[in-house]
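[1] pasting the sequence and the predicted model now:
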Amino acid sequence: QKEVEQDPGPLSVPEGAIVSLNCTYSNSAFQYFMWYRQYSRKGPELLMYTYSSGNKEDGRFTAQVDKSSKYISLFIRDSQPSDSATYLCAMSAVEDTGRRALTFGSGTRLQVQP
Amino acid sequence: DVKVTQSSRYLVKRTGEKVFLECVQDMDHENMFWYRQDPGLGLRLIYFSYDVKMKEKGDIPEGYSVSREKKERFSLILESASTNQTSMYLCASSFHRLAGGRTDTQYFGPGTRLTVL
């Protein structure tokens, strides 16, 4: 079983729709949760960052973390064709060993149709 | 603006060749990482380094080695390339630790798409 599970999609929505992207995880030590956006033939770029449980909003994007369910979500309001990309969730735990690598989901490909 | 650059965008090599992938960051980051990205498998960590001349194995180090002689440069080496190493290779860097104990945001390069024939 993978540590982080993410539906690969593709997810196709019409412009203006609300998009919900999700990841589940198994490691209860994860405390830091991130969403990265990756356009075709580019490296991932950080979109949202949350610590522990709760919500965080940034413009049209809202990140939610439910640690009790080991479930995180990214919502995109008023989706635009420019939001078409692969969205990767990533997470990490604070460890004494100092390992600072992230554990990534496999990514969900989103297509927003004009 | 953080910049992570990778030496090649596309590379084609033959089985058995020694392959060098170079990564350079300009933000004085302590940590550097090499991942490979494959469809359905996401990003998998190959090696990372938290200081010059220091390295740690990631989840899939077999068939790879790394070198970090200078803080800004992290090289990935495929000693004898094989077809199953055909993949997208991504380099990333981050600060050691941010204020407030936050874990480190990783900044990625554009990737090198390697094909081994």
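    Thanks, I have it.
[2] residue 80: neighbour count?
    In the absence of a named chain, this looks at chain A. 12 (other CB atoms under 10 Å in any protein chain shown). (Glycine included, C-beta is placed from N, CA and C.)
[3] not quite, go with chain B.
    Residues lying near residue B:80 (other CB under 10 Å) number 11.
[4] from memory it sits against residue B:18, does it?
    Yes: Residue B:80 sits in contact with residue B:18 when judged by CB atoms under 8 Å, with a separation of 6.8 Å.
[5] which stretches in chain B count as strands?
    Secondary structure of chain B (DSSP state E): strands located at B:4-6, B:10-13, B:19-25, B:31-38, B:42-49, B:56-57, B:64-70, B:73-78, B:87-94, B:107-108, B:112-116.
[6] now the ones you listed in JSON lines, with distance to residue A:93 and mean neighbour count?
    Putting those into JSON lines (distance: least, CB to CB, whole Å; neighbours: other CB atoms under 10 Å in any protein chain shown) gives the following:
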{"stretch": "strand B:4-6", "distance to residue A:93": "24", "mean neighbour count": "18"}
{"stretch": "strand B:10-13", "distance to residue A:93": "34", "mean neighbour count": "13"}
{"stretch": "strand B:19-25", "distance to residue A:93": "24", "mean neighbour count": "19"}
{"stretch": "strand B:31-38", "distance to residue A:93": "16", "mean neighbour count": "23"}
{"stretch": "strand B:42-49", "distance to residue A:93": "14", "mean neighbour count": "22"}
{"stretch": "strand B:56-57", "distance to residue A:93": "16", "mean neighbour count": "15"}
{"stretch": "strand B:64-70", "distance to residue A:93": "23", "mean neighbour count": "16"}
{"stretch": "strand B:73-78", "distance to residue A:93": "23", "mean neighbour count": "20"}
{"stretch": "strand B:87-94", "distance to residue A:93": "15", "mean neighbour count": "24"}
{"stretch": "strand B:107-108", "distance to residue A:93": "20", "mean neighbour count": "22"}
{"stretch": "strand B:112-116", "distance to residue A:93": "29", "mean neighbour count": "18"}
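[7] so who does the residue positioned nearest the centre of chain B touch?
    In chain B, the residue lying closest to the centroid (CA atoms, centre = their mean) is residue B:34, at 2.3 Å. The neighbourhood of residue B:34, defined by CB atoms under 8 Å, 6 or more residues apart in numbering or on different chains, consists of B:21, B:23, B:45-48, B:58, B:64, B:66, B:74, B:76, B:89-91.
[8] for residue A:27, state which of those is nearest.
    If you rank these by distance to residue A:27 using CB to CB, residue B:45 comes first, at 14.6 Å.
[9] about what we covered before: what touches both of residue B:80 and residue B:18?
    Common neighbours of residue B:80 and residue B:18, counting by CB under 8 Å, 6+ apart, are absent.
[10] mean pLDDT added to the strands of chain B, as CSV?
    Written out in CSV, the entries for these read as follows (pLDDT from 0 to 100):
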stretch, mean pLDDT
strand B:4-6, 95
strand B:10-13, 96
strand B:19-25, 97
strand B:31-38, 93
strand B:42-49, 91
strand B:56-57, 91
strand B:64-70, 96
strand B:73-78, 97
strand B:87-94, 94
strand B:107-108, 91
strand B:112-116, 97
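[11] so which of the ones you listed is nearest residue A:31?
    Residue A:31 lies closest to strand B:87-94 among these, at 16.3 Å (CB to CB).
[12] what's in contact with that closest one?
    Judged by CB under 8 Å, 6+ apart, the contacts made with strand B:87-94 from elsewhere in the structure are A:43-44, A:100, B:2, B:4, B:6, B:21, B:23, B:25, B:27, B:29-38, B:43, B:74, B:76, B:104-109, B:111-114.
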